[in-house]
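A.B. asks: sharing a model that was predicted from the sequence below.
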Amino acid sequence: MIHDMIDLAAEERIAELYVSEPAFSVRVRRRADGACSAQAREAAPLAGGPIPEMPAADAAPAPHTVAAPMAGTFYRAASPGGEPLAREGSRVAAGAPLCVIEAMKMLTEVVAGQDGTVARVLCEDGQMVEQGQALFIVEPGEVPHVS
């Protein structure tokens, strides 16, 4: 998985990619010379205490990668010929649909995991994707709510 993330960061020219799971977290960063390096950390509970977090490189929150929950066909719109659910630069709220994945004639919405702005759409409409494949990069940030 780490090698796949390094390859993705290199191919897509992503400056930083961060994935955090309950058991581990991985941060892949592009160096000034264009090469990518990875820092992985296995989280282990400390005598009943909280799971340690990755140290922050700076004060800015890390971008969030939205991954495919299953293998299938990636579609940017909810219906054929429809408007894309999210575009680069779109502001999205946590839980907002970003795309759909079709598998076995069933459509599954993929939603934003946090408020922010869609920085990158990493797949083409109609592209086959694998489970766990990165679909979007969302830069964290608050989305204004309309009352």
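C.D. replies: Now that the structure is in, tell me what you want to look at. Numbering: from 1, shown residues only.

A.B. asks: name the spans of the chain whose pLDDT lies under the cut-off.
C.D. replies: By pLDDT under 70, the low-scoring segments of the chain are 1-18, 20-26, 29-60, 143-147.

A.B. asks: what segments of this structure are helices?
C.D. replies: Across the chain, reading from the start of the chain, the helices by DSSP state H fall at 2-12.

A.B. asks: can you give me the strands in this protein?
C.D. replies: 16-20, 24-30, 36-42, 64-67, 72-75, 91-92, 97-103, 106-111, 116-121, 128-129, 134-140 (DSSP state E).

A.B. asks: how about those in a markdown table, adding mean neighbour count and distance to residue 84?
C.D. replies: From N, CA and C alone the C-beta is placed, and that goes for glycine too. Output for the strands of the chain, formatted as a markdown table (neighbours: other Cβ atoms under 10 Å; distance: least, Cβ to Cβ, whole Å):
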| stretch | mean neighbour count | distance to residue 84 |
| --- | --- | --- |
| strand 16-20 | 18 | 22 |
| strand 24-30 | 18 | 27 |
| strand 36-42 | 14 | 29 |
| strand 64-67 | 20 | 14 |
| strand 72-75 | 19 | 9 |
| strand 91-92 | 20 | 12 |
| strand 97-103 | 19 | 8 |
| strand 106-111 | 15 | 13 |
| strand 116-121 | 19 | 8 |
| strand 128-129 | 17 | 16 |
| strand 134-140 | 21 | 11 |
